[in-house]
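Colleague: Here you go, sequence then predicted model.
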Amino acid sequence: YTLSLHDALPILSIKMDANYGLGFVEIDDPVGRCVERLESELAKPNFKAPTLPKAALEVLRLTNNPRVEAAEILAVVETDATLAAQLLARARSPIYGTRPVQSLREAAVRMGINGLRDLVLQISLRMKVFRAPGFEPQVTEIMRFAQVRSNLCHAVNRQSRFSQPQASMCALLADLGMATALMVLAQVPRGESPPPLNTAWAAALESHETLGARVGQTWDLPGEIVSVIRHHHQVSVAKVPNPTIATLLVAGVVAEHLNLGLRGPQGAQFCEDKTQVNGARRLLGLNTDKMKRIVSQARAMELDCIV
């Protein structure tokens, strides 16, 4: 006896839609919709980027000049009483020395111009630049990782064949597109809810390089800094290896190794592409022994302290 398909499945009755094959099946893509919204906002001529305090923007502008004097930077900082007070308070942290500084001038001498610039930027980015109701813990996490990676850039520079003094600043700025994306997605009409956290985070990851570069342009950052923000997960830009990006990539993978990498809503660490990291190591001349030294130095640093 041969069992036919009709005998085996007598209860199945399939009715074919007369329009089958003549149209498209709509697949719900909430992440894609969020990305489209971010791209739409980005394309608007009146796109409202987050803004740094005026004094911080002027400090960034001044430090692009290799001949700038610390006194010029301090003169700008002192025009913003809140920034000046926080700068002095944080410059007294043990991370900058065992003897507390007594003045901004003394802080500048101890930290140097690049250190002063980075601390001004750290403080400014935490001064409610990114308002993202509902996503505040994620913005805090982005800022924490930015500080960790910035601090790690110093350890990488000590072992690298190409010391990159701009790398620590670029590390603070690289993921500003993530925070900006969450800020934009949190803004919804009254009565509506922002997208679910996992959806917003995925959309931010997909869009953050382009969005961050746009913010960098509105802040009048130099073109080379904007380029780093735009391509900071790729060791080469237009097929040209970039030592600053390479430094960020290595700092990022060391953060992962120390369990201090950027964590998503579910607690998993973001992992840099290993091919890009290996290319960065080759460019910077970082063999296994040098990587071990970086990790060893990093363990002794207060990487994620809020200084």
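Modeller: Nice, I can see it.

Colleague: dump the residue contacts of residue 185.
Modeller: Going by Cβ atoms under 8 Å, 6 or more residues apart in numbering, residue 185 touches 34, 37, 38, 132, 135, 194, 195, 200, 203, 204. In short, each C-beta sits where N, CA and C put it, glycine included.

Colleague: Which helix or strand contains it?
Modeller: helix 176-186 (DSSP states H and E).

Colleague: Show me what the next helix or strand after that helix is packed against.
Modeller: Using DSSP H and E, the helix or strand that follows helix 176-186 in sequence is helix 197-218. Counting contacts by 3 or more Cβ pairs under 8 Å, 6 or more residues apart in numbering; DSSP states H and E, helix 197-218 is packed against helix 30-43, helix 176-186, helix 223-230.

Colleague: tell me the angle the second one makes with helix 30-43.
Modeller: Here the directions of helix 176-186 and helix 30-43 differ by 100 degrees (axes from the mean of the first three to the mean of the last three Cα atoms, to 10 degrees).

Colleague: and the angle from helix 176-186 to helix 223-230?
Modeller: 60 degrees.

Colleague: where does residue 247 fall, helix, sheet strand or coil?
Modeller: Look at residue 247: counting by DSSP: H, G, I helix; E, B strand; the rest coil, its state is helix.

Colleague: 857 is where my numbering starts, stick with that
Modeller: OK, 857 is where the count begins now, so the last one is residue 1103.

Colleague: From the contacts of residue 1041, pick the one nearest residue 1071.
Modeller: Among the contacts of residue 1041, residue 894 lies closest to residue 1071 (Cβ to Cβ), at 12.0 Å.

Colleague: Hmm, residue 1059 and that closest one touching each other?
Modeller: Yes - using Cβ atoms under 8 Å, residue 894 is in contact with residue 1059, at 6.4 Å.

Colleague: Next, show the common contact partners of the two.
Modeller: Joint contacts of residue 894 and residue 1059 (Cβ under 8 Å, 6+ apart) are 1037, 1041.
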